[in-house]
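# what's the 3D shape of this:
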Amino acid sequence: MSTIIFLSLAGLGVVFSVFRLIVGPTPFDRIVSLDAMNILITGLLVVIALILDRSLYLDIAIVYAILAFLETVVFAKFLEGKS
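Residues are numbered from 1 along each chain as shown. Below you'll find the model as predicted:
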């Protein structure tokens, strides 16, 4: 029961992050919403790995988290050089 609640709340968080990503007034808001969405997706992958009892999804979550971190750093460097 608690996993269903977590999955629904995390899915709602992803929807709000996508909304902020599209509507965000500044590029910095968009980067923060993209980072929040990546964190939520990583958490969802970990919960899915626990539900299905498959360690493959944990490996995918680790790789996704590393790539999401690099994406955030690259976007931040891009915006830093732009201003």
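# what's the neighbour count on Ser33?
Residue crowding around Ser33 was assessed by other C-beta atoms under 10 Å; the count is 19. C-beta coordinates here come from the backbone N, C-alpha and C atoms, glycine included.
# surely it touches Pro25?
No - taking contacts as C-beta atoms under 8 Å, Ser33 lies outside contact range of Pro25: 11.3 Å.
# what touches both of these two?
Residues touching both Ser33 and Pro25 (C-beta atoms under 8 Å, 6 or more residues apart in numbering): there are none.
# check the secondary structure at Glu71 for me.
Reducing the assignment to helix, strand or coil with DSSP: H, G, I helix; E, B strand; the rest coil, the entry for Glu71 is helix.
# spit out the contact partners of Leu21.
Contact criterion C-beta under 8 Å, 6+ apart gives Arg30, Ser33, Leu34, Met37 as the residues in contact with Leu21.
# nearest to Leu70, of the residues you listed?
When these are compared for distance to Leu70 (C-beta to C-beta), Leu34 wins out at 12.5 Å.
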